[in-house]
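**Q** Only the shape, not the letters, is given here:
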């Protein structure tokens, strides 16, 4: 223990019978005195790694050393998951990852955990590319691996907006408080686990620092297929970016998936709705929907916002909504007399097409509306030109969102939407027609010039040929009663 904090060393080992004890011998005495436990996790080695390490503990009388044998091979990432969960469950403050094959120097262990113990970092990455110990090539890293490392790290820095000298060192330390913020379970069990942890740490705004480490390449056996590893790194980095943009829901990053990203360019539904809401002050607003809170983060802070939501993985309710009620909206609206209030605006944004009980929602919503209140309802136009062309050639390209959202239960067009609202005694105060969001698929470099021009042209088309070119209808509604 150092500075009152518990330090653990996680040694991952596989077929390391000839190297593991040498690695343990090289741990400096001052480090051994400061740390609280060394846990070796043998990933179902095919050799005698486990027996040798157990014998080593008995001979050396290392009370802080514990040996664990996986019943089956969990993989490089899976073995780390088991080890990290072990240290989390035992209330440790910092964990250093050390390989049992001798590739990384135990002599510098303290340099990895000290920044965490001193509260200067959440994640510490050992870098072989830094010059203190001569750099990677002088340490014996093969030139092709050096080049590959540089290319992949440059790609990841560019894609993720980071500035690391190296992404691909397996020598690193983590604060346990930081690990608790990361979903380890959906990370890969393969070798690109290390990259996914960096990505998730960065996403969660954990403080990442690098420290120089020596490079050593000796007789250790490499179990990594270089080309496959490079492909996995490229894919997992790209899929993360797609996930946070809402373009794809990659399982490894599903907790960061943005189901309906906020669109703030002119004439979009979010642009028009925010323009309405931000024109007034001190509003009482009720949002009925999934309740991710992303749109409302762009609203004035003096509004009081309540949500009836059904988002089981909502991360934003505490920071955006004054009150959040999780409810199965398929059954209609909840009866919550404890609210004791009426609202200036009720937001039904891209939600009724997802609900079995959408008619009950439309029937019950006015009871929460004050005398001059307005319901803002947005729904997709399922008969616009994009849908018609797809159906013409026999395509129904289901997606995670948009007009072909695979979760849509009901479909609407201009005519049947107006008919439906009349049935529930709503007075339509105003209708907005949003353009097809072609701007969304353009490269970033074109969005602020060509994209805005195209968007304006499509907006004019939606105004003139509303049934054909409108993407969404936004209705401002009052209750006739």
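**A** Nice, I can see it. Only a predicted model underlies this, so the values are computations on that prediction, with no experimental measurement involved. Numbering: from 1, shown residues only.
**Q** All the helices of the stretch 1-150 of the chain, residue numbers only.
**A** Ranges of helices within the stretch 1-150 of the chain are 20-25, 29-34, 49-60, 75-89, 109-117, 143-160, based on DSSP state H, counting those that start in this stretch.
**Q** chain center to the longest one: distance?
**A** Offset of helix 143-160 from its chain centre (Cα atoms, centre = their mean, to the nearest Å): 23 Å.
**Q** Name the residues that touch that helix?
**A** 129, 136-137, 141, 162-168, 195, 199, 202, 226, 230, 233-234, 237-238, 240-241 (Cβ atoms under 8 Å, 6 or more residues apart in numbering). C-beta: built from backbone N, CA, C; applies to glycine.
**Q** can you tell which of the helices of the stretch 1-150 of the chain is closest to residue 384?
**A** helix 143-160 (33.4 Å; Cβ to Cβ).
**Q** Quick one: mean pLDDT for the closest one?
**A** Mean pLDDT, computed over helix 143-160, is 93.
**Q** so where's the stretch 301-450 of the chain shaky on pLDDT?
**A** 311-319, 337-340 (pLDDT under 70).
**Q** quick one: the strands in it?
**A** All strands of the stretch 301-450 of the chain, identified by DSSP state E, counting those that start in this stretch, fall at 304-309, 323-326, 343-349, 369-380, 426-435.
**Q** For the helices of the stretch 1-150 of the chain, state which one has the densest average packing.
**A** Comparing those by mean neighbour count (mean count of other Cβ atoms under 10 Å), helix 109-117 comes out on top with a mean of 22.
**Q** So which of the strands of the stretch 301-450 of the chain is nearest residue 114?
**A** Between the strands of the stretch 301-450 of the chain, strand 323-326 lies closest to residue 114; by Cβ to Cβ that is 41.0 Å.
**Q** Please name every helix or strand in contact with the closest one.
**A** With contacts taken as 3 or more Cβ pairs under 8 Å, 6 or more residues apart in numbering; DSSP states H and E, strand 323-326 sits against strand 304-309.
**Q** So for the strand it packs on, what gets flagged as buried?
**A** Within strand 304-309, the residues scored as buried using 16 or more other Cβ atoms under 10 Å are 305, 306, 307, 308, 309.
**Q** follow-up on the earlier one: could you dump the helices of the stretch 1-150 of the chain into TSV and include distance to residue 173?
**A** Output for the helices of the stretch 1-150 of the chain, formatted as TSV (distance: least, Cβ to Cβ, whole Å):
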stretch	distance to residue 173
helix 20-25	16
helix 29-34	12
helix 49-60	22
helix 75-89	11
helix 109-117	4
helix 143-160	19
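**Q** Skipping its backbone neighbours, what lies nearest residue 320 in space?
**A** residue 293 (3.5 Å; Cβ to Cβ, 6 or more residues apart in numbering).
**Q** what about that neighbour, how many neighbours?
**A** By other Cβ atoms under 10 Å, the residues close to residue 293 number 21.
**Q** for residue 430, same thing?
**A** Residue 430: 10 neighbours (other Cβ under 10 Å).
**Q** wouldn't it be in contact with residue 476 here?
**A** Yes. Shown here, residue 430 and residue 476 form a contact pair, counting by Cβ atoms under 8 Å, at 4.4 Å.
**Q** For residue 360, see how far away residue 264 is.
**A** Computed with Cβ to Cβ, to the nearest Å, the distance linking residue 264 and residue 360 is 32 Å.
**Q** who's more crowded, these two?
**A** The neighbour comparison of residue 264 against residue 360 (other Cβ under 10 Å) goes to residue 360, with 15 against 11.
**Q** Wait, that one touches residue 330, no?
**A** No. Residue 360 is not in contact with residue 330 according to Cβ under 8 Å; the separation is 9.0 Å.
**Q** Now do the helices in the stretch 351-481 of the chain.
**A** Counting by DSSP H, counting those that start in this stretch, the helices of the stretch 351-481 of the chain are 358-364, 385-392, 414-423, 444-447, 450-464, 466-469.
**Q** buried set for the third one?
**A** Buried residues in helix 414-423, counting neighbours by 16+ other Cβ under 10 Å, are found at 414, 417, 418, 420, 421.
**Q** Ok, the longest one next?
**A** For helix 450-464, the neighbour count (16+ other Cβ under 10 Å) marks 451, 452, 454, 455, 458, 459, 461, 462 as buried.
**Q** Out of those, flag the one nearest to residue 276.
**A** Minimum distance to residue 276 across the buried residues of helix 450-464 is 16.9 Å, recorded for residue 459 (Cβ to Cβ).
**Q** What pLDDT does the model give the closest one?
**A** Residue 459 is given a pLDDT of 95.
**Q** Likewise for residue 88?
**A** As predicted, residue 88 sits at a pLDDT of 97.
**Q** next one: residue 281
**A** Looking at residue 281, the pLDDT reads 88.
**Q** again with residue 481
**A** pLDDT recorded at residue 481 is 72.
**Q** Kindly report the same for residue 25.
**A** 94.
**Q** any idea how far residue 59 is from it?
**A** Distance, residue 25 to residue 59, by Cβ to Cβ: 11 Å.
**Q** same deal with residue 36?
**A** 22 Å.
**Q** Residue 66 too?
**A** For residue 66, the distance to residue 59 - Cβ to Cβ - is 15 Å.
**Q** what does residue 159 give?
**A** Per Cβ to Cβ, residue 159 is found 49 Å from residue 59.
**Q** Centroid-wise, who is the farthest residue in this protein?
**A** Within the chain, the residue lying farthest from the chain centre (Cα atoms, centre = their mean) is residue 59, at 46.3 Å.
**Q** Can you say which of the helices of the stretch 1-150 of the chain is nearest to residue 254?
**A** helix 75-89 (16.4 Å).
**Q** I'd say residue 272 and residue 434 touch.
**A** Yes. With contact defined as Cβ under 8 Å, residue 272 reaches residue 434; the gap is 7.0 Å.
**Q** Look at the two and report which has more neighbours.
**A** Each of residue 272 and residue 434 has its neighbours counted (other Cβ under 10 Å); residue 434 has more, 25 against 19.
**Q** Name the nearest of the buried residues of helix 414-423 relative to residue 260.
**A** If you rank the buried residues of helix 414-423 by distance to residue 260 using Cβ to Cβ, residue 417 comes first, at 19.3 Å.
**Q** Now for that closest one: which residues touch it?
**A** Taking Cβ under 8 Å, 6+ apart, we find residue 417 in contact with 379, 473, 475.
**Q** dump the residue contacts of residue 86.
**A** Contacts of residue 86 (Cβ under 8 Å, 6+ apart): 10, 39, 41, 68.
**Q** likewise residue 367?
**A** Contacts of residue 367 (Cβ under 8 Å, 6+ apart): residue 333.
**Q** 10 Å - rerun?
**A** Taking Cβ atoms under 10 Å, 6 or more residues apart in numbering, we find residue 367 in contact with 333, 335, 342, 479.
**Q** now residue 378
**A** Contacts of residue 378 (Cβ under 10 Å, 6+ apart): 269-270, 272-273, 347-353, 432, 434, 472-475.
**Q** repeat that for 8 Å
**A** By Cβ under 8 Å, 6+ apart, the contact list for residue 378 reads 269, 273, 348, 349, 350, 472, 473, 474, 475.
**Q** Now do stretch 192-203: everything it contacts.
**A** Contact with stretch 192-203 is made by 76-77, 80-81, 122-123, 125, 156, 160, 162, 164, 167-170, 172, 174, 178, 182-183, 187-188, 208, 229, 232-233, 236-237, 240, 244, 252-253, 256, as judged by Cβ under 8 Å, 6+ apart.
**Q** Just the ones of those in strands?
**A** Residues of those located in strands (DSSP state E): 123, 125, 172, 174, 208.
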